[in-house]
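A.B. asks: sharing a sequence plus its predicted fold:
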Amino acid sequence: MLRCVRWNPRWKSGVSLLHLGRATAEDTSSFTSQVNSKRLLRFPTENVTITPLGYGSPTMFTKESRMLDHIKDSVLVHNNNVIQTHFWYAAKDSEAVSLAYTAEPVAINELFGDDEVSRNSIVLTAILDDKLDGPALNPLEKLSKEAVKYQLDRIRRALDIEVLDIAFLRLPAEVIESSSKAVIQETIAALEEAIAEKQIQGYGFAFPSTSTTIQTETFIQNVLFADDVWRSGCVALQIPINIQEGLTFDLHQKKQVALFGELPLDIHVKVGRDVKPLNLSSVPEKLSGEEIALKLKESFSFALNVEQKYRETIHPANSATAPSPDDIAWAHILAYQHEQFNNFAEWVYIRETQISPRIEETLNALNQVEGTKEFAFAYSVAIRELLRYFDASIEMIARNLNQDIQTKLQEIGVEAETLQEAVIHTALSSNADCIVVGEDLPTRGGLMEKPKLSREIIEAVNSQEWQ
């Protein structure tokens, strides 16, 4: 769940930040001493060592408790020493710190409070991104000198750190499309000042999801790498790297900057006439298609009867104070719209942003009325059971697509026990220096040490349509 943390008044005071230090050559080298496939990240002052896998790009709506475990396990269990935290762009003087996930600073605090993990051994990064349902900000509200300094200060305060190792900024589509140097020059000037003031060690840029590969590469070559724009403080670029894109990207090598790969488990597939998102996860088949259909039918029948009872008997007896029957109609709504949902990622977004919050509000309202308290419990059971099997019915579509993709990868020569391992191994075989992934991967350590896939296999993967 996405949350915002309110601005803390002490952040404007002279109170010292909790976690001092920065990633250093000596400490990162020591931490990664058991990793054979480590890479170099070149800061203006020194080179540090990074692991080819790090934490980042969490799946939307991952539970914060699970995220906390994933971050800590990536460092403590799998010896990953790259952590990417996530922030939303926010207008200056905004009330809230635009922290995307509250689990991230909690995990950092717990990790650095552990004697086994030194702040100086971890490359701590943050990416500034657009919030899907946030206010629309123009490029200058995100990238002006004043805006950049404001955002960096809020990131450091939210994470309670003295130095942020890399600040990544996702560039707005308008900047990419216009190929304007003026805005990016102002942004880089602010970031270079932050390096001089020892607030960050370096910075990097990520690119909007709407930009094509050609648009991104053209912008990098003609604008970002231009002599009157480029500065040595830019130490990294970040692009999506997965079986569908980014596998052969190599422009970063021109300036000897690191390449970070994001979204390794996310692609887009064609569903009917539409292109829709697909998360490449190996979902175990808990129930067969026939069992899911039967359970869904039963849960629909139960929930529809519960809602009908409310409309006919319970609400009339409590109409002055109880919620409207239209608020107790989710089974009827979903029954009518079930066939419209053919993409699990889209369904999860709708469920988490529209359906679940309204159901919770309704249940709270029912519990406030003496005559509907007992019904609130019955409706809670009925609707949660319905959503469970509604999830399963749509997830089955994604599972079938994922099984087809894993089979195709195996035919190409990408051998792995799970689809996740196959696609992460493929991403690690690209030109990336670090792939950031948020999912729980028990084989993180082993994947980092696997030999890269051959050029022929990568070319075969790259040539697939994956539709």
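C.D. replies: Good, I have the coordinates.
A.B. asks: all the strands of this protein, residue numbers only.
C.D. replies: Along the chain, counting by DSSP state E, strands occupy 5-6, 39-42, 47-50, 53-54, 82-88, 96-97, 123-129, 164-170, 200-206, 234-240, 258-262, 266-271, 274-279, 434-436.
A.B. asks: show me the shaky parts of the stretch 251-400 of the chain.
C.D. replies: Along the stretch 251-400 of the chain, segments meeting pLDDT under 70 span 283-284.
A.B. asks: okay, helices next: where are they in it?
C.D. replies: Along the stretch 251-400 of the chain, counting by DSSP state H, counting those that start in this stretch, helices occupy 289-309, 315-317, 330-337, 344-350, 356-367, 373-412.
A.B. asks: identify whichever of these lies nearest to residue 419.
C.D. replies: Distance to residue 419, taken as Cβ to Cβ, is lowest for helix 373-412 among the helices of the stretch 251-400 of the chain, at 4.3 Å. All C-beta spots, glycine's among them, are computed from the backbone N, C-alpha and C.
A.B. asks: so this protein: which segments form each domain?
C.D. replies: Following automatic domain parsing, the chain resolves into domains at 5-266, 289-400.
A.B. asks: who's the closest spatial neighbour of residue 151, skipping the chain neighbours?
C.D. replies: Excluding the flanking residues, the one nearest residue 151 by Cβ to Cβ, 6 or more residues apart in numbering is residue 128, at 5.8 Å.
A.B. asks: for the one you found, report the pLDDT, please.
C.D. replies: Note on residue 128: pLDDT of 96.
A.B. asks: export the strands of the chain to JSON lines and tack on distance to residue 106?
C.D. replies: Putting those into JSON lines (distance: least, Cβ to Cβ, whole Å) gives the following:
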{"stretch": "strand 5-6", "distance to residue 106": "11"}
{"stretch": "strand 39-42", "distance to residue 106": "25"}
{"stretch": "strand 47-50", "distance to residue 106": "23"}
{"stretch": "strand 53-54", "distance to residue 106": "18"}
{"stretch": "strand 82-88", "distance to residue 106": "11"}
{"stretch": "strand 96-97", "distance to residue 106": "14"}
{"stretch": "strand 123-129", "distance to residue 106": "14"}
{"stretch": "strand 164-170", "distance to residue 106": "17"}
{"stretch": "strand 200-206", "distance to residue 106": "22"}
{"stretch": "strand 234-240", "distance to residue 106": "24"}
{"stretch": "strand 258-262", "distance to residue 106": "22"}
{"stretch": "strand 266-271", "distance to residue 106": "25"}
{"stretch": "strand 274-279", "distance to residue 106": "25"}
{"stretch": "strand 434-436", "distance to residue 106": "19"}
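A.B. asks: among those strands, which is nearest residue 393?
C.D. replies: Evaluated with Cβ to Cβ, the strands of the chain place strand 266-271 nearest to residue 393, the distance being 15.1 Å.
A.B. asks: okay, the closest one in PDB with CA atoms only?
C.D. replies: Coordinates of each C-alpha in strand 266-271 appear next as PDB, following Å, rounded to 0.1, in the frame of the first residue of the first chain:
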ATOM      1  CA  ASP A 266       7.300  -6.600 -16.100                       C
ATOM      2  CA  ILE A 267       6.400  -6.700 -19.800                       C
ATOM      3  CA  HIS A 268       3.400  -5.900 -22.000                       C
ATOM      4  CA  VAL A 269       1.400  -8.400 -24.000                       C
ATOM      5  CA  LYS A 270      -1.400  -8.200 -26.400                       C
ATOM      6  CA  VAL A 271      -4.900  -9.100 -25.000                       C
END
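A.B. asks: partner strands of it and their direction?
C.D. replies: strand 274-279 (antiparallel) (DSSP bridges).
A.B. asks: off-centre distance for the strand it pairs with?
C.D. replies: Distance of strand 274-279 from its chain centroid, counting by Cα atoms, centre = their mean, to the nearest Å, is 16 Å.
A.B. asks: please apply the same query to stretch 111-123.
C.D. replies: Centroid separation between stretch 111-123 and its chain, computed with Cα atoms, centre = their mean, is 23 Å.
A.B. asks: tell me how far the ends of that stretch are from each other?
C.D. replies: Using Cα to Cα, to the nearest Å, one end of stretch 111-123 lies 13 Å from the other.
A.B. asks: do stretch 315-335 as well
C.D. replies: Stretch 315-335 has an end-to-end distance of 22 Å (criterion: Cα to Cα).
A.B. asks: with stretch 38-46 instead?
C.D. replies: This stretch, stretch 38-46, spans 16 Å end to end (Cα to Cα).
A.B. asks: tally of neighbours for the nearest residue to residue 239 once chain neighbours are set aside?
C.D. replies: Once flanking residues are discounted, residue 239 sits nearest to residue 246: 5.1 Å by Cβ to Cβ, 6+ apart. Residue 246: 23 surrounding residues under other Cβ atoms under 10 Å.
A.B. asks: doesn't residue 261 make contact with residue 246?
C.D. replies: Yes: Residue 246 lies in contact with residue 261 (Cβ atoms under 8 Å); the separation is 6.3 Å.
A.B. asks: joint contacts of those two?
C.D. replies: Shared contacts of residue 246 and residue 261 (Cβ atoms under 8 Å, 6 or more residues apart in numbering): 239-240, 427, 430, 432.
A.B. asks: picking up where we left off before, the residue nearest to residue 151 bridge partners, please.
C.D. replies: For residue 128, the beta-bridge partners under DSSP bridges are residue 87, residue 169.
A.B. asks: list the residues that contact it.
C.D. replies: Residue 128 sits next to 87-89, 142, 151, 155, 167-170 when contact means Cβ under 8 Å, 6+ apart.
A.B. asks: let's see 6 Å
C.D. replies: Shown in contact with residue 128 (Cβ atoms under 6 Å, 6 or more residues apart in numbering): 87, 89, 151, 169.
A.B. asks: now do it against residue 182, distance only.
C.D. replies: Distance of residue 128 to residue 182, given as Cβ to Cβ, to the nearest Å: 20 Å.
A.B. asks: residue 50 too?
C.D. replies: For residue 50 relative to residue 182 (Cβ to Cβ), the value is 33 Å.
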